[in-house]
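# Provide a 3D model corresponding to the input given below.
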Amino acid sequence: MAGHMAVHGDRFSMVQGARSSKERGAKAQYYPLSPPQKMEFNPNRPIVNILQLPIRSLDSYWKDIKRLEAAKGRKTRYASIVRETGISGLPTCATSPAFTIPYFFPLDPFHLFYENCMPHIWDLWVSNSSPEEKIYMGENMASLFGEEIEKAMATLPPSFCGPVRNPYKKRQSQYKAFEWMALLHWYIVPIAWELGFDQEVIKNFAIFSNIIEYAMTTVPRTVIDLGNLFDKIILFLRGFEDLYVNNDPTKVSRCRLCIFQLIHIPHHIEFNGSIRIGSQATTERAIGEVTYDLKSQQSPYGNIVTNITEKSVDGCLSRRRPELAPQAQLKKQKEHLFGKIRISRIQMQQPEVQVHLQLIHARSSHHFEAHVPETPQGEQPVEQNIDETLVNVERIKPIFGEALVFYSVAEIDRSFVVYHPLIEEEKLFGRWHGEWSPEVHVLETSALVSLVGTWMYEDRVHILRKHPGLAHLAAEDAGELQGDGGEEVEP
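Okay, the predicted model is just below:
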């Protein structure tokens, strides 16, 4: 496919691109739902009915291929057909019996969502807008935003992903997919809200974030579910156009193809299943590994076959004899973050421990021992685990808490967690926030579901739940160096 440079650059539909200028040579490569001043800037562009998109058909595809075959040898004619149809040639995979159009080539969520849409939106806020616009994020606010991201790393569990860099300073320094993920799913909505960014822009972005999270979650979807998702995408696209174009035809360039292609997510899920199936992340990593191992320039394909065969043999051997696996030999011994410490009689008399014991006594009258964090470098044990937050999904409204200490009752094999609960809970565009209560509560550890992160601003605590996109990344792609850190607690 020719991509956005063609008049029909969308590989799924025959929606025609729009121009953002009346100058000669201006290209129709943008995709608004309803471009302003259409008769003046885009008089030949058909009106887009978002509910009845002209989806590409297999018959029309083969007709265009025949036109291209007939034009071979005539460069000008061939280029004209490519620009008109958006088809650049016949792919090798067309020989497959399963080949069809348009959903044989699925959306790539990691590039589309995180490396195209996210940088585009961020740049519109910070670089490509003017102070009189709602979407403009001033230099001071953008700088404060980046500083809050740096501070937030102290309360992000290492098992989630690696450190997220300041986007205001590091946007042009190969900002990685997992970092854009963190901004999209965790940080932009609460931080922008706390810093006073425009509420309509935040709401529109929150809809975008919810769409991506819903699409990336691998659970079965019904036709009704996909219909609701489609409605939410239309809501986002119309809101995006109102805010970012604002009836200015010269700003149609903000409606890039990557934004428009969100409309195809429900169709993709219906045809292919999970949107994550289309990810090229694992393929690119495999290609990179093959290229790195390539040593012979005279016989590259033979060298590739040899390397793949050797890796397959190593994999089979590792499954038979795990102790021979290279990673098992190189893996560093992890330090235990928690130790098993029996409570002494003197410790029993401490006021803080007494409160804990009295709370647990309501559930069990047995003697017990405490599981508390080891105390490195003289720090207080309670502070060592202060950023671990717990979720109980057995209730309709989840329980979030700041874990202080874990206790176990050896005689009945039951364990408990003592924690500060989150109170005054409210939802901010689908995201929980509240304040830590000074009260101490007790919960059985069997009710814990997972570890979540937090971001605090003044007294407000914003909850950061592990988003589904991270499950599809290798440890290296998620920025994890050793993969250690807090582990999720499952019931």
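# show me where this structure has strands.
Assigned by DSSP state E, the chain shows strands spanning 338-341, 369-373, 389-392, 399-409, 414-428, 431-436, 441-444, 451-457, 460-464.
# now the angle from the last one to strand 399-409?
So that's strand 460-464. Angle of strand 460-464 versus strand 399-409, following axes from the mean of the first three to the mean of the last three C-alpha atoms, to 10 degrees, is 80 degrees.
# can you list contacts of strand 460-464?
Counting contacts by C-beta atoms under 8 Å, 6 or more residues apart in numbering, the residues outside strand 460-464 that touch it are 156, 160, 186-187, 190, 194, 389, 400, 422, 428, 431-436, 452-456. Where C-beta positions appear, they are placed from N, C-alpha and C, glycine not excepted.
# pLDDT weak spots in the protein?
Scanning the chain for pLDDT under 70 picks out 1, 325-341, 361-396, 472-477, 479-491.
# could you find the closest non-adjacent residue to the spatially most central residue of the chain?
Centroid-nearest residue in the chain, with C-alpha atoms, centre = their mean: M181, separated by 3.6 Å. In this structure, M181 finds its nearest non-sequential neighbour in G469, 5.0 Å apart by C-beta to C-beta, 6 or more residues apart in numbering.
# likewise H467?
H185 (3.9 Å).
# what is the neighbour count of that neighbour?
Per other C-beta atoms under 10 Å, the neighbour tally for H185 reads 23.
# out of the strands of the chain, flag the one nearest I202.
Closest to I202 of the strands of the chain is strand 414-428 (C-beta to C-beta; 8.9 Å).
# what's the neighbour count on I360?
The tally of other residues near I360 (other C-beta under 10 Å) stands at 20.
# that one and M348, how far apart?
13 Å (C-beta to C-beta, to the nearest Å).
# swap in T85?
Distance from T85 to M348, by C-beta to C-beta: 80 Å.
# who's more crowded, those two?
Ranked by neighbour count (other C-beta under 10 Å), T85 and M348 place T85 first, with 22 against 11.
# that one and Y78: what is the separation?
T85 sits at a distance of 11 Å from Y78 (criterion: C-beta to C-beta).
# what's the single longest helix in this structure?
helix 300-320 (DSSP state H).
# can you give me the buried ones in that one?
303, 307 (16 or more other C-beta atoms under 10 Å).
# got the CA positions of it in PDB?
Extracted C-alpha coordinates of helix 300-320, given in PDB (Å, rounded to 0.1, in the frame of the first residue of the first chain):
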ATOM      1  CA  PRO A 300      23.400 -15.000   4.300                       C
ATOM      2  CA  TYR A 301      20.500 -17.300   3.900                       C
ATOM      3  CA  GLY A 302      22.400 -20.400   4.800                       C
ATOM      4  CA  ASN A 303      23.900 -18.600   7.800                       C
ATOM      5  CA  ILE A 304      20.300 -17.600   8.900                       C
ATOM      6  CA  VAL A 305      19.100 -21.200   8.600                       C
ATOM      7  CA  THR A 306      22.100 -22.400  10.700                       C
ATOM      8  CA  ASN A 307      21.500 -19.800  13.400                       C
ATOM      9  CA  ILE A 308      17.700 -20.600  13.600                       C
ATOM     10  CA  THR A 309      18.400 -24.300  13.700                       C
ATOM     11  CA  GLU A 310      21.000 -23.900  16.500                       C
ATOM     12  CA  LYS A 311      18.500 -21.800  18.500                       C
ATOM     13  CA  SER A 312      15.800 -24.400  18.100                       C
ATOM     14  CA  VAL A 313      18.200 -27.100  19.300                       C
ATOM     15  CA  ASP A 314      19.200 -25.000  22.300                       C
ATOM     16  CA  GLY A 315      15.500 -24.400  23.100                       C
ATOM     17  CA  CYS A 316      14.700 -28.100  23.000                       C
ATOM     18  CA  LEU A 317      17.700 -28.800  25.200                       C
ATOM     19  CA  SER A 318      16.800 -26.100  27.700                       C
ATOM     20  CA  ARG A 319      13.300 -27.500  28.100                       C
ATOM     21  CA  ARG A 320      14.800 -31.000  28.800                       C
END
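# residues touching the residue nearest to H467, list them.
209, 212-213, 467, 469 are the contacts of H185 under C-beta under 8 Å, 6+ apart.
# from I399, how far out is it?
As judged by C-beta to C-beta, H185 and I399 stand 21 Å apart.
# I277 now?
In terms of C-beta to C-beta, I277 sits 34 Å off from I399.
# how about G138?
In terms of C-beta to C-beta, G138 sits 38 Å off from I399.
# neighbour count winner among the two?
The neighbour comparison of G138 against I399 (other C-beta under 10 Å) goes to I399, with 19 against 12.
# measure the more buried one to R56 for me?
From I399 across to R56, the span is 49 Å (C-beta to C-beta).
# kindly report the same for L470.
As judged by C-beta to C-beta, L470 and R56 stand 33 Å apart.
# tell me which of the two has more neighbours.
Higher neighbour count among L470 and R56: R56, with 23 against 18, using other C-beta under 10 Å.
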